[in-house]
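Asks: A predicted structure for the sequence below; I have some questions about it.
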Amino acid sequence: MEAIETFFRDFEKYTNQNDADRLTSLYADTFMTADPSGARFVQATDLRAFIPKRKQLFATLGYRSTTLVSVHQTKLDDRYVLVRTEWVLHFDRDQIALPSTYIVQVSGEVLKIVFYLNHENIMTVLRDRGLLPAEKP
């Protein structure tokens, strides 16, 4: 489905532009997210508020850009597509590859992320790579 590829290319572009409004518009009003620490529901408005904070933190770490490396999709039914992606975050001192999995709802021409699985905790990865100081015990 070409629409999925275009959707995630837009996601990449909005991420690199730090366009919180457009990036948030790609998510359902309420969506589920999961990572190694567990799963939770998130309001898109909360995501919108978080994006500038992430930008500020990443700027202090020498963040330059994010590249979408791959998109693999599996149609689950007429309304949902499972999408496995690989991203590379580029920092001044390092590049970090991160896999992510999404479930995208397809309703006519409108696509929305309803589930987002971050396979690794980004903060842990940044600490392990020396971009963030280690947590104090």
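Replies: Structure received. Model, not experiment: these values are computed from the prediction.

Asks: contacting residues for residue 40?
Replies: Taking Cβ atoms under 8 Å, 6 or more residues apart in numbering as the criterion, residue 40 is in contact with 32-34. (Each C-beta comes from the backbone N, C-alpha and C, glycine too.)

Asks: If you average the pLDDT over the strand or helix carrying it, what comes out?
Replies: In this structure, residue 40 sits in strand 38-43 according to DSSP states H and E. The predicted model assigns strand 38-43 a mean pLDDT of 96.

Asks: Give me the residues contacting the helix or strand of the chain with the lowest mean pLDDT.
Replies: Least confident element among the helices and strands of the chain, by mean pLDDT, DSSP states H and E: helix 122-128 (a mean of 90). With contact meaning Cβ under 8 Å, 6+ apart, helix 122-128 is reached by 36, 61, 96, 98, 132-135.

Asks: quick one, what contacts the residue lying closest to residue 37 once chain neighbours are set aside?
Replies: Among residues not flanking residue 37 along the chain, residue 121 sits closest, at 6.2 Å (Cβ to Cβ, 6 or more residues apart in numbering). Contacts here follow Cβ under 8 Å, 6+ apart; on that basis residue 121 touches 35-37.

Asks: Cheers, nothing more for now.
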